[in-house]
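Chemist: Sequence below, structure please.
(2 chains)
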Amino acid sequence: MRRPWLEPAVVVAGLAPLAKLAADALTGGLGANPIEEALNRLGFWALTWLAVSLVPTPAREWLGVAWPARVGRPLGLLAFSYALLHFLFYVGVDKFFDWPVVATDLSKRPFIAVGFAALLLLAPLAITSTDAWVRRLGYRRWKRLHRLVYAAAALAVIHFLWRVKADRRKPLAFAAVFALLLAARVPGWVAAARRRPAGREGGIGG
Amino acid sequence: MARWKPDVPDADATPEPLYLRRREFLGLGAAGAVGAAIAPLAALAGEDGPAGPALPAASRVDLAGGEAPTPWKAVTTYNNFYEFGSGKDDPARLAGSLRTRPWTVSVEGEVKRPRVLDVDEILRVAPLEERVYRLRCVEAWSMVVPWVGFPLAELVRRLEPTSRARYVAFETLLDPAQMPGQRSRVLEWPYLEGLRIDEAVHPLTLVAVGLYGRVLPSQNGAPLRLVVPWKYGFKSAKSIVRIRFMEEPPRTTWARMAPSEYGFYANVNPAVDHPRWSQAKERRIGEFLRRPTLPFNGYAAEVAGLYAGLDPRKLF
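Modeler: Now for the predicted structure:
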């Protein structure tokens, strides 16, 4: 089935939280501390789209459903966009370009450093998300590069976990979802490694 | 012969705890019907202003440098009160289940006469005053709040602690039925906070029972709470049911949870960062730019003398 509406639908759904944020900001719907609320929402949606972007591959391998793979790229780009907005909002609104404070945060506060590291890991994946980059790198190398997404997800969850004061339930829920999505990939990787003659690829890549 | 069989299966019968509370539900039903009828009117009358029974104060003191108080709506919808959930808007949504009458406070430990006081007795301890204080949260936001209450010193004097009482601990109600946040072990319940006795009897330390000239809303710590304006907000225990005078410092909740992040003193101090964020600046609720945080939250002239000779690095 062609489902021509699929990609536009994902983009519309992906931008809906941003539209809701803008509407709430204009109507006072962000509560008494709107800057904190907006920052939290952007981070939440970065993590959410990152988790959703990891669904297509296991969906194909376990359920035999192929169409989600077509929206893997827009989902990943949504995750990166929200993460970038989250960071820019922190620098430009929450800290209002107070560079010394931002520099201290990035160097001295582990929870902010790991969040920034997650964003840095996502950046090359967003840049190389085009078909031209897949051709340039070759599919296998491109795929190996894009496994960085699991490191980024782990860092992002740690960022959230270290941010909360006592109530760890939401970050732990994200950790569980990512662990499940990673575990769902493992049998596929093992099978692929078996199919390849030993020694050619080296290491655990491929 | 056929045995008698109940015509309602056990699974459909009302569980006993609910059955025993049946009268409350009758009350809730009636209150709900009245509430549904009144709600649209309240919306027309402008529901964002101070609400609830009036609580007149005999005097008013501004100790926030003439700054305008943070709007009622922000003060009553942006709360850290984990007993009702860890979201800032959870207390305002969920504190309706708190019953503030009858309410008693148990006085224990190093006192001449341990006893149980009714909250209405405590309300008569001293004339009520309005005090406008700055409130600085450890999370680097702040408000200006017009509290109604009386100095804790007045209460301590009447409770007659013994000469061995060097600390006083305050315990919040423990009742998951009224405080839904206590159904998960986010913190170790009940919440425990404490002060050194000289901090407790300092004239700035307040027992607050009201806000904006109204009876204190549940989400702000009804029926009575502490306000210690030179310390981070978490030191000011809410919905207090126990006051215990002690020789040794109490093992307070946040200091127990994360000893490297929350100390016993928790005096507002821009020079000592929280390990995860700077305490040098704060965002006043309603303002865009952060403003510098003042030592002792601007009350250094009044309270710095309490800590003469103590290492200021330990005063976090």
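
Chemist: For residue B:298, which non-adjacent residue is spatially closest?
Modeler: Once flanking residues are discounted, residue B:298 sits nearest to residue B:134: 5.9 Å by Cβ to Cβ, 6 or more residues apart in numbering or on different chains. For every residue, glycine as well, the C-beta is placed using N, CA and C.

Chemist: for the one you found, which residues make a bridge with it?
Modeler: Residue B:134 forms beta bridges with residue B:144, as assigned by DSSP bridges.

Chemist: OK, contacts around it?
Modeler: Neighbouring residues of residue B:134 by Cβ atoms under 8 Å, 6 or more residues apart in numbering or on different chains: B:63, B:64, B:67, B:142, B:143, B:144, B:145, B:229, B:297, B:298.

Chemist: Equivalent analysis for residue A:17, please.
Modeler: A:41, A:45, A:82.

Chemist: right, and out of the residues you listed, which lies closest to residue B:305?
Modeler: Distance to residue B:305, by Cβ to Cβ, is smallest for residue A:41 among those, at 44.7 Å.

Chemist: and the closest one, what does it touch?
Modeler: Counting by Cβ under 8 Å, 6+ apart, residue A:41 has contacts A:17, A:21.

Chemist: tell me which residues in the helix or strand in which it is found are buried?
Modeler: Using DSSP states H and E, residue A:41 sits within helix A:34-53. Residues of helix A:34-53 classed as buried by neighbour count (16 or more other Cβ atoms under 10 Å in any protein chain shown): A:34-53.

Chemist: How about the residue nearest the centre of chain A: what's its closest non-neighbour residue?
Modeler: Geometric centre of chain A, nearest residue: residue A:50, 3.0 Å, by Cα atoms, centre = their mean. Distances taken as Cβ to Cβ, 6+ apart place residue A:79 nearest to residue A:50, at 3.9 Å, with adjacent residues excluded.

Chemist: ok, which stretches of the chain are helices?
Modeler: Just so you know, I chose chain A. Ranges of helices in chain A, per DSSP state H, are A:6-27, A:34-53, A:56-63, A:72-89, A:99-108, A:110-127, A:131-137, A:139-145, A:148-163, A:169-195.

Chemist: looking at chain B here, not the other one
Modeler: Going by DSSP H, chain B shows helices at B:16-20, B:22-44, B:72-77, B:90-94, B:119-122, B:152-159, B:197-200, B:253-257, B:300-303.

Chemist: was I right about residue A:115 contacting residue A:157?
Modeler: No - if you go by Cβ atoms under 8 Å, residue A:115 and residue A:157 don't touch, sitting 10.3 Å apart.

Chemist: Contacts made by stretch A:97-117 with the rest, please.
Modeler: A:43, A:87, A:91, A:95, A:155-156, A:158-159, A:162-163, B:275-278, B:280-281, B:290.

Chemist: which residues sit in contact with residue 50?
Modeler: With no chain named, the answer covers chain A. Listed by Cβ under 8 Å, 6+ apart, the contact set of residue A:50 reads A:76, A:79, A:83, A:122, A:149, A:152, A:153, A:156.

Chemist: ah, no, chain B please
Modeler: Residue B:50 is in contact with B:72, B:211, B:212, B:213, B:214, counting by Cβ under 8 Å, 6+ apart.

Chemist: Return the set of residues that bridge with the last one.
Modeler: When you say that, I think you mean residue B:214. Under DSSP bridges, the beta-bridge partners of residue B:214 are residue B:54, residue B:211.

Chemist: In space, what's closest to residue A:156 - neighbours in sequence excluded?
Modeler: Excluding its sequence neighbours, the residue lying closest to residue A:156 (Cβ to Cβ, 6+ apart) is residue A:118, at 4.2 Å.

Chemist: pLDDT weak spots in chain B?
Modeler: Counting by pLDDT under 70, the ranges of chain B that qualify are B:1-47, B:312-316.

Chemist: and the gap between the most centrally placed residue in chain B and residue B:81?
Modeler: Chain B has residue B:238 as the residue nearest its centroid, 2.2 Å off, counting by Cα atoms, centre = their mean. For residue B:238, the distance to residue B:81 (Cβ to Cβ, to the nearest Å) stands at 6 Å.

Chemist: Need the overlap of contacts for the two.
Modeler: Common contacts of residue B:238 and residue B:81, defined by Cβ under 8 Å, 6+ apart, comprise B:220, B:221.

Chemist: Show me which residues of chain A are close to chain B?
Modeler: Taking Cβ under 8 Å from any Cβ of the partner chain as the contact definition, chain A meets chain B at A:31-33, A:35-36, A:95-96, A:98, A:101, A:104-105, A:109-111, A:162-167, A:169.

Chemist: just the buried members of these?
Modeler: When burial is judged by neighbour count using 16+ other Cβ under 10 Å, the buried members of these are A:31-33, A:35-36, A:95, A:98, A:101, A:104-105, A:109, A:111, A:162-163, A:165, A:167.
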